[in-house]
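# sharing a sequence plus its predicted fold:
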Number of protein chains: 2
Amino acid sequence: MLTEPASCHVDLAAGTMGGAGGRYQKRLSDLTGLYLDADAHRDLVTRTGDAVVYDVGDFRPSAAAGDMIFGLTRMSPGLVGEEFFLTRGHIHAKADRPEIYYGQAGQGLMQLESPEGETRIVEIGPQTICYVPPFWIHRSINTGEGDFVMMFAYPADAGQDYGIIERSGGMRHRVLRGEGGGWRLAENAAYRPRTPSEVQALMGAAA
Amino acid sequence: MLTEPASCHVDLAAGTMGGAGGRYQKRLSDLTGLYLDADAHRDLVTRTGDAVVYDVGDFRPSAAAGDMIFGLTRMSPGLVGEEFFLTRGHIHAKADRPEIYYGQAGQGLMQLESPEGETRIVEIGPQTICYVPPFWIHRSINTGEGDFVMMFAYPADAGQDYGIIERSGGMRHRVLRGEGGGWRLAENAAYRPRTPSEVQALMGAAA
């Protein structure tokens, strides 16, 4: 009846977590439609043999409310045109669930968007813990030269809604390479703000 | 209404977390009664000027069910007689809540005890993630030569019951310095097993 204690070892150099029961990876072709420069994306898929953009290993003791899932994510560095490699991004299916990310290697950022379309950026390097509060859509972006590795943890009943970003034509901003290095934000012209009733439906998940 | 995203930076050398809203520390005198060798404990309190054994910094966004608290704990190395420096230990007030610990520096272990009195030990070094499942009493122990630092995260509504260990006369085992180094377990002669109804009351917290 009791679950046994467990331990998982993180390999920082490889960007992997031993003892992870679940693993998945996303390749460039899995991220079709997310980038502004579709031609650059298509070219890069061909040129790299459809490179892996990120992989995730996690430990899921249960899906019970009150339990927790944790894991490790590793993102490759790269650009599609002027846009940094990114994850699909999600809001939690139970939108009132938070997540924490803990930077382990490399440099990147968390792009967050509220249901009403406000953007926040949290820069993450080694030993930065980022708290993603309830109700924020979030996506990880590798802005560095090497692998960007983060540990993460979230409530086991949170779930993920990956469709929310697609439904609004992407996130409101794109994260592009800065003029003199670093990064900059650009408005996403294809972005369609959520309606008040859509916002209400998301926030109502709190009840 | 929305909570703003936040970031906290971990200083591995200092064993502290920037941006922590809550901080507390425990000194040797706060841990009176936990050690087998009461004379050695008293002497050490005097000799060290009541040294700090561990300190904790945490970030508590809310106490809402489904939210998460995280932080950093730093334990000093040391022995009281043959017994390693340890934390008070606790079970969650909502006993069905888990916790994760992530080793950052030093060497130590998590001592776990089930309501029925079974002991488990998880050794933790840098980059070891320890999953403490629901219903396990747990205590951290520094078995190394230097500071033992761990990041931790748990459900915001978990709470802590620090009295459970006192009510049973301590944990079932003590963790002592090993004969040729390392550590060994010794039965705690003062241990009083929980009764079936006490076990049932703890496990019933799941309902």
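Thanks, I have the structure now.

# after the longest helix along chain A comes which helix or strand?
Assignment by DSSP state H gives helix A:38-48 as the longest helix of chain A. For helix A:38-48, the following helix or strand on the C-terminal side (DSSP states H and E) is strand A:52-59.

# now that next one against helix A:38-48, angle please.
80 degrees (axes from the mean of the first three to the mean of the last three C-alpha atoms, to 10 degrees).

# show the contacting residues for the spatially closest residue to A:Met1 that is not a sequence neighbour.
With sequence-adjacent residues excluded and distances taken as C-beta to C-beta, 6 or more residues apart in numbering or on different chains, A:Met1 is closest to B:Met203, at 7.6 Å. To be clear about C-beta, it is placed using only N, CA and C from the backbone, and glycine gets the same treatment. For B:Met203, the contacting residues are A:1, B:95, B:115, B:135, by C-beta atoms under 8 Å, 6 or more residues apart in numbering or on different chains.

# now, the residues you listed that are in helices?
Using DSSP H, none of these sit in helices.

# sitting in strands, which of these do you find?
The subset of the contacts of B:Met203 located in strands under the criterion DSSP state E is empty.

# out of those residues, the closest to B:Glu166 would be?
B:Pro115 (15.4 Å; C-beta to C-beta).

# mind checking the end-to-end distance for stretch A:155-173?
Start-to-end span of stretch A:155-173 (C-alpha to C-alpha, to the nearest Å) is 27 Å.

# please apply the same query to stretch A:51-68.
Using C-alpha to C-alpha, the two ends of stretch A:51-68 sit 31 Å apart.

# centre of the chain versus that stretch, how much separation?
13 Å (C-alpha atoms, centre = their mean, to the nearest Å).

# A:Val199 and A:Pro115 touch, don't they?
Yes. A:Val199 lies in contact with A:Pro115 (C-beta atoms under 8 Å); the separation is 4.4 Å.

# of these two, give the one with the bigger neighbour count.
The neighbour count for A:Val199 versus A:Pro115, taken as other C-beta atoms under 10 Å in any protein chain shown, is higher for A:Pro115 (22 against 16).

# ok, the more buried one - contacts?
With C-beta under 8 Å, 6+ apart, A:Pro115 has these contacts: A:95, A:135, A:137, A:194, A:198-199, A:202-203.

# output the below-cut-off pLDDT ranges for chain A.
A:205-207 (pLDDT under 70).

# restrict the host helix or strand of A:Gly103 to CA atoms and write it as CSV.
In this structure, A:Gly103 sits in strand A:99-105 according to DSSP H and E. Coordinates of each C-alpha in strand A:99-105 appear next as CSV, following Å, rounded to 0.1, in the frame of the first residue of the first chain:
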residue,chain,number,x,y,z
GLU,A,99,5.4,24.4,-11.6
ILE,A,100,8.9,25.0,-10.5
TYR,A,101,11.9,24.8,-12.8
TYR,A,102,15.5,24.7,-11.5
GLY,A,103,18.3,25.7,-13.9
GLN,A,104,21.1,23.2,-13.9
ALA,A,105,23.3,24.0,-17.0
